[in-house]
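> Pasting the sequence and the predicted model now:
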Amino acid sequence: MTEALRAKGPHVPTEERARRRFEQAIELGHLEDLTGILLPRTRARYLVTYMSSQTGGRVRSATVVSVTNQSSKDNRVTVSWYKGFSDDSSPVGQTTFSIPPDYTVDFGSRNLPGELTAVNSAPNPELTFDEGRAIVSSTEPEIGVSARVYYTRGDDDDNLLAITDSKVVKIGEGNVGD
């Protein structure tokens, strides 16, 4: 995993000082994919109201949730993906990442080409025929969250058709009508 994170790509900093901090965070184990590892309790904080991850038709889709750690501590963040007509007891996919302070990680419902966006963490198996919502949980409450759905065409997602934003609301607070 460490070598994969260090690989040259759109998610690796290009500025020298930032790249050194990035590599140091990897070496210290502060920046790593934690999917499948038993972790301290996280708390559900945000609901992404729409998620789509489809690969079977002419139009394909994938959802990317960006999470920025605004805490002064490392923050373990989990994105759980749910089908629309299901409760929150059994996600169809889940991925967890330890994010150092001031870093942003992109959680994808499936991988996309790096030319479209950097997907740092995706569930295994990737979601290929799902529509619903996502819940973002974290150990620390100070996170910033945004979400968007990418619509593409072609077996390799090589033709971008559109990008839409998904509404993100705090858990238990609902929408304010905007």
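All right, it came through fine. What you see is a predicted model, and the numbers here were worked out from it, not measured in a lab. Numbers count the residues shown, from 1 in each chain.

> Report the contact partners of the closest residue to residue 109 other than its chain neighbours.
Nearest residue to residue 109 in three dimensions, chain neighbours excluded: residue 53, at 3.6 Å (CB to CB, 6 or more residues apart in numbering). C-beta: built from backbone N, CA, C; applies to glycine. Going by CB atoms under 8 Å, 6 or more residues apart in numbering, residue 53 touches 61-63, 81, 109-110, 126-131.

> Enumerate the beta-bridge partners assigned to residue 53.
Beta bridges link residue 53 to residue 130 when assigned by DSSP bridges.

> related to what we said a few turns ago, from the contacts of residue 53, pick the one nearest residue 165.
residue 63 (10.8 Å; CB to CB).

> and the least confident of the contacts of residue 53?
When these are sorted by pLDDT, the bottom entry is residue 130 at 89.

> Go ahead and confirm that residue touches residue 83.
Yes. In this structure, residue 130 is within contact of residue 83 by CB atoms under 8 Å, at 5.7 Å.

> so what sits against both of those two?
Joint contacts of residue 130 and residue 83 (CB under 8 Å, 6+ apart) are residue 92.

> and these two? which has more neighbours close in?
Using other CB atoms under 10 Å as the criterion, residue 130 and residue 83 rank with residue 130 on top: 20 against 17.

> Let me see the contact set for the more buried one.
51-54, 81, 83, 92-93, 109.

> rerun at 10 Å
Contacts for residue 130 were tallied using CB atoms under 10 Å, 6 or more residues apart in numbering; they are 51-54, 61, 63, 81-84, 92-93, 109-110.

> now the most centrally placed residue in the chain: how far from residue 95?
With distances taken as CA atoms, centre = their mean, residue 107 lies nearest the centre of the chain, 1.3 Å away. Distance, residue 107 to residue 95, by CB to CB, to the nearest Å: 6 Å.

> Residue 47 too?
17 Å.

> The two: which has the busier surroundings?
Higher neighbour count among residue 47 and residue 95: residue 95, with 26 against 23, using other CB under 10 Å.

> Could you measure from the more buried one over to residue 105?
Counting by CB to CB, the separation of residue 95 from residue 105 is 10 Å.

> again, but for residue 128
22 Å.

> tell me the strands in the protein, going along the chain?
All strands of the chain, identified by DSSP state E, fall at 32-33, 43-54, 60-69, 75-83, 93-99, 104-108, 129-138, 143-153, 159-165, 168-170.

> Pretty sure residue 62 sits against residue 93.
No. If you go by CB atoms under 10 Å, residue 62 and residue 93 don't touch, sitting 11.8 Å apart.

> Please export the C-alpha coordinates of stretch 53-71 as CSV.
The C-alpha trace of stretch 53-71 is given here as CSV (Å, rounded to 0.1, in the frame of the first residue of the first chain):
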residue,chain,number,x,y,z
SER,A,53,-22.2,3.8,-9.1
GLN,A,54,-23.2,2.1,-12.3
THR,A,55,-21.1,0.3,-15.0
GLY,A,56,-23.7,-1.8,-16.9
GLY,A,57,-25.3,0.7,-19.3
ARG,A,58,-24.3,3.2,-21.9
VAL,A,59,-23.9,5.9,-19.2
ARG,A,60,-21.7,4.9,-16.3
SER,A,61,-21.4,6.7,-13.0
ALA,A,62,-19.3,6.9,-9.8
THR,A,63,-19.6,8.9,-6.7
VAL,A,64,-16.6,10.6,-5.0
VAL,A,65,-16.8,12.0,-1.5
SER,A,66,-14.0,14.3,-0.5
VAL,A,67,-13.2,14.6,3.2
THR,A,68,-10.7,17.2,4.7
ASN,A,69,-9.5,16.6,8.2
GLN,A,70,-9.7,19.9,10.0
SER,A,71,-8.8,18.4,13.4
